[in-house]
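Engineer: got a sequence here, can you model it:
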Amino acid sequence: MQPWLRKLANFWLHKVNPQVVSLIATIGTLGLLLCLAIIYVLAQLSEEVLEQEAFGFDQTILIGIHQFANPTLNTIMLNVTRLGNPSTVVFITLVALGILWGRNYHQEAKIFLLNCLGGAILSYGLKLAFSKPRLQLWKLLISEKSYSYPSGHALGSIVLYGLLAYLLGNHYPKYTKVFYSIAAILITSIGLSRLYLGVHWPTDVIAGYGVGFLWVTFCITMLKLQKAK
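Structural biologist: Next comes the predicted model:
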């Protein structure tokens, strides 16, 4: 065997392979495959957005949802969407950080902070990178000035409420299903509210969920690996 090939093999066996094995053991084969599938979908969506291509189903879905608009639903959806507003997210983040740090869950607090800060950076950074304008299909109930793709509310909700559900489930395993169910309802409702209010295309929300899921999975994996050490 050539010396360079032997060095490459040793590098893989002693440096890369243990990390790959550890990663698969932490998130599971199914989780890894799911992340790869999400990355593929995001790549396809992002390529179309960069090329300024339109998705035919985007407008069809929004118009279909808007047919159910009424004053009562308007009020409900406005309140739901506030659960994903930056002011609400920052408040919940600070409260959660205070509780985690006060109870000496320092590892969880650091990962939680990284999770939330990373989610915000990803949201604003990707919006600027794609610079996709907001839609205007009907008279809007709220005004949004940032770019459209991906949905910051969708991304932020899965990052914040997803990790909160995970942490609560770890500390109170008896109620794990309850925490995850509440998180799923919140995340889904916030995404739906953005569509109902007409401030995002469905593909914006899908992309937000995809990026948010990948990031929160990464943060949870980091926390698991830290605890394993």
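
Engineer: now Ser151: closest residue in space that isn't a chain neighbour?
Structural biologist: Nearest residue to Ser151, sequence neighbours excluded (CB to CB, 6 or more residues apart in numbering): Gly208, at 3.6 Å. C-beta: built from backbone N, CA, C; applies to glycine.

Engineer: which element, helix or strand, includes that neighbour?
Structural biologist: Using DSSP states H and E, Gly208 maps to helix 202-228.

Engineer: what do you get for Leu32?
Structural biologist: For Leu32, the element it lies in under DSSP H and E is helix 17-50.

Engineer: same question for the helix or strand just after that helix, mean pLDDT?
Structural biologist: Going down the chain from helix 17-50, the next helix or strand is helix 56-66, by DSSP H and E. For helix 56-66, mean pLDDT rounds to 82.

Engineer: what's near enough to touch the residue nearest to Ser151?
Structural biologist: Contacts of Gly208 were listed using CB atoms under 8 Å, 6 or more residues apart in numbering, and they are 123, 150-156, 158, 191.

Engineer: at 7 Å instead, please
Structural biologist: Contacts for Gly208 (CB atoms under 7 Å, 6 or more residues apart in numbering) come out as 150-152, 154-155.

Engineer: got TSV for those residues, with neighbour count too?
Structural biologist: Shown next, in TSV, are these (neighbours: other CB atoms under 10 Å):
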residue	neighbour count
Pro150	29
Ser151	29
Gly152	28
Ala154	29
Leu155	30
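
Engineer: which of the residues you listed lies closest to Gly198?
Structural biologist: Ser151 (12.5 Å; CB to CB).

Engineer: Provide the secondary structure category for Ile142.
Structural biologist: Following DSSP: H, G, I helix; E, B strand; the rest coil, we place Ile142 in the coil state.

Engineer: okay, now it: neighbour count?
Structural biologist: Other residues near Ile142 number 14, with proximity taken as other CB atoms under 10 Å.

Engineer: and the residue nearest the centre of the chain?
Structural biologist: Gly212 (1.5 Å; CA atoms, centre = their mean).

Engineer: quick one: contacts for the residue nearest to that one when sequence neighbours are not counted?
Structural biologist: Using CB to CB, 6+ apart and skipping residues adjacent in sequence, the residue nearest Gly212 is Ile158, 3.5 Å away. Shown in contact with Ile158 (CB under 7 Å, 6+ apart): 187, 209, 212-213, 216.

Engineer: ramachandran coordinates for Ile158?
Structural biologist: Main-chain dihedrals, Ile158, degrees, to the nearest 10: phi -70, psi -30.
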